[in-house]
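[1] Fold the following and give me the result.
(chains A and B)
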Amino acid sequence: QKEVEQNSGPLSVPEGAIASLNCTYSDRGSQSFFWYRQYSGKSPELIMSIYSNGDKEDGRFTAQLNKASQYVSLLIRDSQPSDSATYLCAVAVSGNTPLVFGKGTRLSVIA
Amino acid sequence: EAGVTQFPSHSVIEKGQTVTLRCDPISGHDNLYWYRRVMGKEIKFLLHFVKESKQDESGMPNNRFLAERTGGTYSTLKVQPAELEDSGVYFCASSRGAHSPLHFGNGTRLTVT
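    Numbering: from 1, shown residues only, chains lettered A, B, ... in the order given. The predicted structure is shown next:
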């Protein structure tokens, strides 16, 4: 049973702080890792993808992957109230296998 | 470009009735996926079309669920007869290729009473 685990939260951070979202996965053969953001009542929106160990930065977002520890994280710098949403971690073994999602972490950025 | 559209946005039906959900993927996207989120649970894969062919239907819960994608354009997901445990949000997603990012629709919230 392939599993992706996330702390459901809510994770509350003050505006301007760094939000750290964590995800672990069970399938050691996983190759592709994604972070989706979902606002209430809206569709999941891809914000980051990462495929190799290390950090990947895109604007205020940094994804970190450690395959040895089966751990992927998302850092959001200078958090804004508009970042308040549920963040979904998704993992795939290969490009031809379906994404396996975590339950998501609800982030609340307090102004 | 227009995004993935799903219809209806909400559906409330009684146990034993039939419901058909529709998904229009982004034009040109050969890959179409159905996912479901039951309250309190994670989003779970149901099935994957490549054009009109079912690539992977390993996530379909049982034979009360039937998905079609005639002509390789829009897709329908029929639940017949619906049971209480079928309640949840059904998401459709599409991508241009197998390695391309998924674009999700807003989902259909199904409530079976």
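[2] immediately after the least confident helix or strand in chain A by mean pLDDT, which helix or strand?
    Least confident helix or strand, chain A: strand A:100-101 with a mean of 92, by mean pLDDT, DSSP states H and E. Sequence-wise, the next helix or strand downstream of strand A:100-101 (DSSP states H and E) is strand A:105-110.
[3] What strands line up against that following strand, and which way round?
    With DSSP bridges as the test, strand A:105-110 is paired with strand A:11-14 (parallel), strand A:85-92 (antiparallel).
[4] Would you point to the one among the ones you listed that's packed deepest?
    Ranked by mean neighbour count, these are led by strand A:85-92 with a mean of 24 (mean count of other CB atoms under 10 Å in any protein chain shown). For glycine as for every other residue, the C-beta is placed from the backbone atoms N, C-alpha and C.
[5] where do the strands sit along the chain?
    Since no chain was named, I'll use chain A. A:4-6, A:11-14, A:19-25, A:32-38, A:45-50, A:54-58, A:61-66, A:71-76, A:85-92, A:100-101, A:105-110 (DSSP state E).
[6] wait, chain B
    With DSSP E as the criterion, chain B has strands at B:5-7, B:10-13, B:19-24, B:31-37, B:43-50, B:53-56, B:65-68, B:75-79, B:88-95, B:103-104, B:108-112.
[7] What pairs with the shortest one, parallel or antiparallel?
    This means strand B:103-104. Here, using DSSP bridges, strand B:103-104 pairs with strand B:88-95 (antiparallel).
[8] Point out where chain A drops to low pLDDT.
    A:1, A:95 (pLDDT under 70).
[9] Can I get the strands paired with strand A:105-110 in a markdown table including distance to B:Ala98?
    Compiled in a markdown table, the strands paired with strand A:105-110 are given as follows (distance: least, CB to CB, whole Å):
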| stretch | distance to B:Ala98 |
| --- | --- |
| strand A:11-14 | 33 |
| strand A:85-92 | 10 |
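[10] How much space separates A:Glu5 from B:Arg36?
    A:Glu5 sits 19 Å away from B:Arg36 when distances are taken as CB to CB, to the nearest Å.
[11] Can you tell me which of the strands of chain A is packed in deepest?
    Sorting the strands of chain A by mean neighbours (by mean count of other CB under 10 Å), the first place falls to strand A:85-92, with a mean of 24.
[12] How about the residues of chain A by chain B?
    A:4, A:34, A:36, A:41-46, A:49, A:88, A:95-104 (CB under 8 Å from any CB of the partner chain).
[13] rerun that using 6 Å as the cut-off
    Contact residues, chain A versus chain B (CB under 6 Å from any CB of the partner chain): A:43-44, A:46, A:95-96, A:98, A:101-103.
[14] May I see the PyMOL selection of the buried members of those?
    Buried members of the residues of chain A next to chain B, defined by 16 or more other CB atoms under 10 Å in any protein chain shown, are picked up in PyMOL with:
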select buried, chain A and resi 43+44+46+98+101+102+103
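[15] How about the contacts made by B:Tyr35?
    B:43, B:45, B:91 (CB atoms under 6 Å, 6 or more residues apart in numbering or on different chains).
[16] The same query, at a cut-off of 10 Å, please.
    The contact partners of B:Tyr35, taken as CB atoms under 10 Å, 6 or more residues apart in numbering or on different chains, are A:44, A:98-99, A:101, B:42-48, B:59, B:88-93, B:102, B:104-105, B:107.
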